[in-house]
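Chemist: Following is a predicted model, sequence given first.
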Amino acid sequence: MFSRILIANRGEIALRIIRACKELGIGAVVVYSEADRGASYIELADQAICIGPASPAHSYLNIPAIISAAEVSDVDAIHPGYGFLAENAHFAQICADCNIAFIGPRPESMRMLGDKVAAREIAKKAKVPVVPGSEGEIKDENEAIKLANKIGYPVIVKAAAGGGGRGMRVAHNDISLRNAFSTAKAEAEIAFKNSTVYLEKYIVEPRHVEVQVMADKSGNTLHFFERDCSIQRRHQKLIEESPCPVLDNHTREELCKSALRVIKEANYENAATVEFLLDRDKKFYFIEVNTRIQVEHPVTEMVTGIDLIKWQLKIASGQNLTLKQRDIEHKGVAIECRINAEDPDRNFAPCPGRVDKFILPGGMGVRVDTHLFQGAMISPNYDSMISKLIVHKPTREEAVITMKRALTEFRIGPIKTTIPACLKILSHNRYLQNKVDTSFIEQHLS
Ligand code: ADP
């Protein structure tokens, strides 16, 4: 096992990784920007190194500064968390070149699966259904229109290098497709410096269902069942739960086995999430693989009782998976609400500032993953997600009741948060009756 690792991230995930390190007896070094100087987890880390000013380009994305910090603190490995450099194959390669283990997949698997066009090909090879669409890149508008007329509208133009819901445009006819094609391409070029786009049939009213998987260096693979992440705003997840409430056991088994076939085909190592869309007829289609730990991993940890971050560390240090698939069970229902510093009354505009009031919820079945404290500053430079509230109960009904209770207990002020929006969703009949899809917020709560 590693003796000391560096965490190339911030916020709640930095704290989450420190906790896993402490329990495994690993030293934890954190890096921080000038804006994060007063962060809570800096006190809990064994060492903390300032790597630059607030702007991510100069700190959390600054590869030379992070590698220097790793060299100075003499760590064996780097955990990238999620976001920032977590899916940057170039960074993973540099870590390898510097003899520092990257806690994640090999650079070549990351590169391959990070390209959604290549990932579709891998899924097809693994005999996993993909959303009907283009064979590869779509080079011009006319090619897009020809294919859209063949597979039928609506269609979605997606960036091959896409992430975070960016570089995606839906089109309902030839005219809107011309527009969607050029805007998706332009957005992809700006956001990812890669304007490659492809086309998929736009699945109407799907649920987003994803499978947590893990693979060790010897090629052993395991799945940890699924998460339903259909409650999204602008293709960004807001509430996640496990298990998916509308999946029958047969479909669940097929879905999980499909996810394993994809990562086996990619010769993958460490944690990944294989994402699917589930259509109204409960047919599932592969959409992409996320080659990192995800924000919503706690719901899986709660229903399976397995610490996923610890397994990431064990696998990266060369240990094999000692668990057997039949030993992994899911018990009860877990729900996670993302608490973002955003103002739902101002179209979810970011709401940074000082946290003057901070009262945490608690009680049976409640878990809060947050780095915040009373007096903390929320910087405008970073993602607005400031806390994750997770509940775990024997049934969905009980989980919803506990989540509503915990959300009302959670007091954060004067900044605005998504707490009221989460409460609204959890009280909505459609949510309670499992009649939601990825368009639920836009259709029923706008
Ligand atoms: P990103 O990597 O940007 O998160 P994804 O491919 O994972 O992009 O898609 C994010 C979300 O966009 C999905 O959860 C779903 O809501 C929507 N989406 C993506 N592809 C399709 C599709 N073919 N049909 C309908 N919705 C889609």
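Modeler: That came through fine. Numbers count the residues shown, from 1 in each chain.
Chemist: list the buried ones in stretch 256-267?
Modeler: Across stretch 256-267, burial judged by 16 or more other Cβ atoms under 10 Å covers 256, 258-263, 265-266. To be clear about C-beta, it is placed using only N, CA and C from the backbone, and glycine gets the same treatment.
Chemist: repeat for stretch 277-289
Modeler: Residues 277-279, 284-289 are the ones in stretch 277-289 that count as buried (16+ other Cβ under 10 Å).
Chemist: Mark which of those residues are part of strands, please.
Modeler: Among the buried residues of stretch 277-289, DSSP state E puts 277-278, 284-289 in strands.
Chemist: And those residues, which two are furthest apart?
Modeler: Spanning the widest gap among those are 278 and 289, at 16.8 Å by Cβ to Cβ.
Chemist: Would you convert the buried residues of stretch 256-267 into CSV that also reports secondary structure, pLDDT and distance to the ligand?
Modeler: Shown next, in CSV, are the buried residues of stretch 256-267 (DSSP: H, G, I helix; E, B strand; the rest coil; pLDDT from 0 to 100; distance: Cβ to the nearest ligand atom, whole Å):
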residue, secondary structure, pLDDT, distance to the ligand
256, helix, 98, 18
258, helix, 98, 16
259, helix, 98, 14
260, helix, 98, 19
261, helix, 98, 19
262, helix, 98, 14
263, helix, 98, 16
265, helix, 97, 19
266, coil, 97, 17
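Chemist: so which of those comes closest to residue 362?
Modeler: So of the buried residues of stretch 256-267, ranked by how close each gets to residue 362 (Cβ to Cβ), first place is residue 256, at 32.8 Å.
Chemist: Okay, and the nearest residue to that closest one once chain neighbours are set aside sits in which element?
Modeler: Closest residue to residue 256 in three dimensions, ignoring its sequence neighbours and counting by Cβ to Cβ, 6 or more residues apart in numbering: residue 223, at 4.3 Å. Using DSSP states H and E, residue 223 falls within strand 221-233.
Chemist: Point out where the stretch 101-250 of the chain drops to low pLDDT.
Modeler: The stretch 101-250 of the chain contains no residues with pLDDT under 70.
Chemist: That one: strands as residue ranges?
Modeler: Using DSSP state E, counting those that start in this stretch, the strands of the stretch 101-250 of the chain run over 101-102, 155-159, 168-171, 197-201, 207-215, 221-233, 236-242.
Chemist: and the direction of the lengthiest helix in the chain versus that of strand 197-201, what angle?
Modeler: Once the chain is assigned using DSSP state H, the helix that runs over the most residues is helix 174-192. The directions of helix 174-192 and strand 197-201 differ by 130 degrees, with axes from the mean of the first three to the mean of the last three Cα atoms, to 10 degrees as the criterion.
Chemist: elements contacting helix 174-192?
Modeler: If you count contacts as 3 or more Cβ pairs under 8 Å, 6 or more residues apart in numbering; DSSP states H and E, helix 174-192 packs onto helix 141-151, strand 155-159, strand 168-171, strand 197-201.
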